[in-house]
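J.: Turn this into a model:
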Amino acid sequence: MSIVKLDLDALVKTGKISAAQAETLATFSIAEPKSAIWMSAVLIFGALGVAAGVLALEPSAIMGLLLALTALGIATWLKLFQTDDTWMVLGSAFALMGTIGLSGWVAMEAGEDLVAIWPQLFIFGIMTAGALVYRSSFLAALAVLALAAVLGTGTFYWHASYALIVREPTVTIAVFSAVAGGLYALRPHLSTAWQSLTTVAARTAIFLTNFGFWVGSLWGDHLGEHWVAGDSWSARYEWRETATHIPELVFSLGWAACLIALFVKAPRGGFLSTSALVFFAIHAYTQFFETFADDAVFLIVGGFMAIGVAVLATRFSEKQVA
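T.: Residues are numbered from 1 along each chain as shown. Below is the predicted model:
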């Protein structure tokens with residue numbers, strides 16, 4: 001039995017069918033059972049409870065690995081043998097549990113060696129495989145973030161504070177702008193299911209590209225420091241004396257130019273133009289207080305300039321939409 005899903009409102013709006021035909025087709029619809037969705041939610045919480053209890057009784061990396069492999073096995077079985085969409089929630093949940101659990105096992109086994117490149121590449125491979133096998137947009141985003149960790153990008157938390165770390169701004173910009181561009185170029189040639197996956201991954205890469213510009217505009221970049229310099233601060237300072245350094249101004253001007261170009265070229269109201277405008281505001285705010293915070297005259301001038309830019313951007317957007 002083949003099942004076809006139609007967006008009747010969209011078909012009527014585009015004139016492909018009449019309103020009367022839409023009403024007729026609606027009478028043939030099959031009601032989706034809600035019981036399986038609720039059952040999936042209960043099973044998910046039950047599985048999480050069992051996993052937490054087993055780990056509490058036997059807190060070991062091997063037990064965590066067994067639970068992760070079991071979750072992946074269930075997710076694979078549901079994907080292969082349960083074609084009913086009502087079990088999709090349960091399958092996706094087990095896929096996430098298994099993939100993240102397997103990555104956690106790699107991190108536990110690596111221990112202090114997690115900063116090395118091979119465990120991070122392994123985790124990136126697990127996340128990518130999980131995203132492709134189970135067609136998970138969430139895992140696609142995590143895969144891009146895992147690749148960022150390979151390049152020395154991550155976050156750090158302490159009490160009431162959250163830090164963004166980009167150790168290789170230039171490499172981060174180059175890699176993730178290429179990833180985003182490649183995925184956007186590939187997207188039109190893919191089916192709808194794969195388009196969703198590539199869109200999420202590409203947008204995550206765009207965020208990371210902007211993060212690279214952001215950090216670079218504040219401190220510049222000593223190329224290769226993440227891999228070449230020593231662990232101690234004294235070794236890093238000594239290495240920086242002879243390292244290739246890209247100054248902050250290059251990142252500041254390059255970031256502004258890229259954001260303006262993206263805002264002008266991208267369709268209005270879409271993710272690209274909106275994110276470009278948001279990061280342009282972040283860029284302006286950052287440089288405004290980083291560079292001119294101590295000078296009252298520059299603060300006044302900069303404030304008027306910010307208002308002017310905001311008005312022009314709004315007028316430009318309204319004109320393009322019209």
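
J.: Need the phi and psi values for the spatially most central residue of the chain.
T.: Nearest to the geometric centre of the chain sits residue 204, at 3.0 Å (Cα atoms, centre = their mean). For residue 204, the backbone dihedrals (degrees, to the nearest 10) come out as phi -60, psi -40.

J.: show me the residues around it that make contact.
T.: Residue 204 makes contact with 140, 141, 144, 145, according to Cβ atoms under 8 Å, 6 or more residues apart in numbering. The C-beta positions use only the backbone N, C-alpha and C, and glycine is treated the same way.

J.: ditto for residue 203
T.: By Cβ under 8 Å, 6+ apart, the contact set of residue 203 is 180, 271, 275.

J.: one more time with 7 Å
T.: Residue 203 makes contact with residue 271, according to Cβ atoms under 7 Å, 6 or more residues apart in numbering.

J.: swap in residue 178?
T.: Here residue 178 is in contact with no residues (criterion: Cβ under 7 Å, 6+ apart).

J.: Apart from its chain neighbours, what residue comes closest to residue 143?
T.: Closest residue to residue 143 apart from its sequence neighbours, by Cβ to Cβ, 6 or more residues apart in numbering: residue 127 at 3.8 Å.

J.: Which helix or strand contains the one you found?
T.: Applying DSSP states H and E as the criterion places residue 127 in helix 117-134.

J.: and what of residue 253?
T.: Going by DSSP H and E, residue 253 is part of helix 248-265.

J.: Do me a favour and average the pLDDT over whichever helix or strand comes after that helix.
T.: Per DSSP H and E, the first helix or strand lying C-terminal to helix 248-265 is helix 271-292. Here helix 271-292 scores 84 as its mean pLDDT.

J.: So what's the gap between helix 271-292 and the chain middle?
T.: Distance of helix 271-292 from the chain centroid (Cα atoms, centre = their mean, to the nearest Å) equals 19 Å.

J.: Just want the angle from that helix to helix 248-265.
T.: 150 degrees (axes from the mean of the first three to the mean of the last three Cα atoms, to 10 degrees).

J.: what sits up against stretch 241-251?
T.: Contacts for stretch 241-251 (Cβ under 7 Å, 6+ apart): 169, 170, 213, 216, 217, 218, 219, 220, 221, 222, 223, 225.

J.: at 10 Å instead, please
T.: Outside stretch 241-251, the residues that touch it by Cβ atoms under 10 Å, 6 or more residues apart in numbering are 169-170, 173, 212-225, 228-229, 236, 254, 283, 287, 290-291.
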